[in-house]
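Q: got a sequence here, can you build the structure:
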Amino acid sequence: MKRRFILASASPRRHDLLCSVGLEHEILVTDADETPRTPCPDGEMYAQWFARSVAEIKAVAAVDAVKDTCADDEVFVISGDTVVTPDGREIFGKPTDEADAVRMLSALSGKEHFVIGGITVARIFRGEVKYASRFVKTAVVFKDLTKREIDEYIASGEVWGKAGAYAIQGLGGVFVSSVCGDYPNVVGISTSVLFDILKEEFSLKLTEEARSQQ
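A: Presented below is the predicted three-dimensional model:
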């Protein structure tokens with residue numbers, strides 16, 4: 001039996017984070033419709049529900065794409081989704097155009113916001129599939145931004161493809177005055193929570209697995 005890990009994401013940041021903890025993996029990108037199929041349950045923060053739901057959708061699409069080719073391998077599919085929210089209700093995804101990026105960065109300026117990461121792990125083994133999902137919440141505070149700083153940052157091109165229109169690991173990091181919580185979650189995926197899921201839900205000693213692949 002061979003154990004395989006598949007990252008269901010085109011994000012180079014998630015790929016780099018998995019590499020940083022020694023987890024050798026394949027990459028699979030699907031064209032899944034990422035619209036949640038069910039309404040947010042009463043009492044649950046919308047942004048948390050949304051990020052977790054989209055991560056689950058990505059995982060299901062990836063499982064459907066590979067499950068018939070797994071043979072006797074034990075395959076773990078890892079997926080994630082990241083959203084930025086100022087209040088838990090409104091979601092800042094990837095900006096659609098320059099005006100959208102200005103709107104997001106202006107709203108984040110001088111305030112605390114939250115980065116919500118949804119993580120789903122699916123285990124495929126001998127025709128059986130088990131899913132486990134969690135979310136991670138990190139608080140980030142921005143400095144006050146001038147219009148010129150926002151315009152120059154958008155002109156850098158870094159805003160595109162980034163939830164909330166910024167990359168904390170890049171030039172956007174100069175806007176951040178504090179981070180409370182899981183920093184890798186802001187970058188792309190919480191490796192700490194990923195380890196917890198694999199250990200607690202699938203009894204996998206990931207530290208040993210990672211060392212064996214280095």
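Q: now the strands: where do they sit in this protein?
A: 3-7, 26-27, 74-85, 112-125, 128-142, 176-180 (DSSP state E).
Q: I'd like the average pLDDT over the second one.
A: For strand 26-27, mean pLDDT rounds to 96.
Q: and what of stretch 145-156?
A: Here the average pLDDT along stretch 145-156 is 98.
Q: ok, and what's touching that stretch?
A: Defining contact as CB atoms under 8 Å, 6 or more residues apart in numbering, one finds that stretch 145-156 is touched by 98, 101-102, 105-106, 108-110, 159, 165-166, 171-172, 175. Placement of C-beta: from N, CA and C, glycine included.
Q: residues of it that come out buried?
A: 150, 153-154 (16 or more other CB atoms under 10 Å).
Q: please save the CA atoms from stretch 189-207 in PDB.
A: C-alpha atoms of stretch 189-207 as PDB (Å, rounded to 0.1, in the frame of the first residue of the first chain):
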ATOM      1  CA  ILE A 189      -3.700  27.200   4.900                       C
ATOM      2  CA  SER A 190      -3.100  26.400   8.600                       C
ATOM      3  CA  THR A 191      -0.600  23.600   8.700                       C
ATOM      4  CA  SER A 192      -1.200  23.300  12.400                       C
ATOM      5  CA  VAL A 193      -4.900  22.600  12.000                       C
ATOM      6  CA  LEU A 194      -4.200  20.300   9.000                       C
ATOM      7  CA  PHE A 195      -1.900  18.300  11.200                       C
ATOM      8  CA  ASP A 196      -4.700  18.200  13.900                       C
ATOM      9  CA  ILE A 197      -7.200  16.900  11.400                       C
ATOM     10  CA  LEU A 198      -4.900  14.100  10.100                       C
ATOM     11  CA  LYS A 199      -4.000  13.100  13.600                       C
ATOM     12  CA  GLU A 200      -7.400  13.300  15.300                       C
ATOM     13  CA  GLU A 201      -9.700  12.300  12.500                       C
ATOM     14  CA  PHE A 202      -7.500   9.800  10.700                       C
ATOM     15  CA  SER A 203      -5.000   8.600  13.400                       C
ATOM     16  CA  LEU A 204      -2.100   9.600  11.200                       C
ATOM     17  CA  LYS A 205       1.200  10.500  12.800                       C
ATOM     18  CA  LEU A 206       1.900  13.200  10.400                       C
ATOM     19  CA  THR A 207       5.300  14.300  11.900                       C
END
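Q: could you list the low-pLDDT ranges of the chain?
A: 206-214 (pLDDT under 70).
Q: that one: helices as residue ranges?
A: With DSSP state H, the ranges of helices along the chain come out as 12-20, 46-66, 98-108, 147-156, 183-187, 191-202, 206-213.
Q: so which of these is nearest Thr85?
A: Across the helices of the chain, Thr85 has its closest neighbour in helix 46-66 (4.0 Å, CB to CB).
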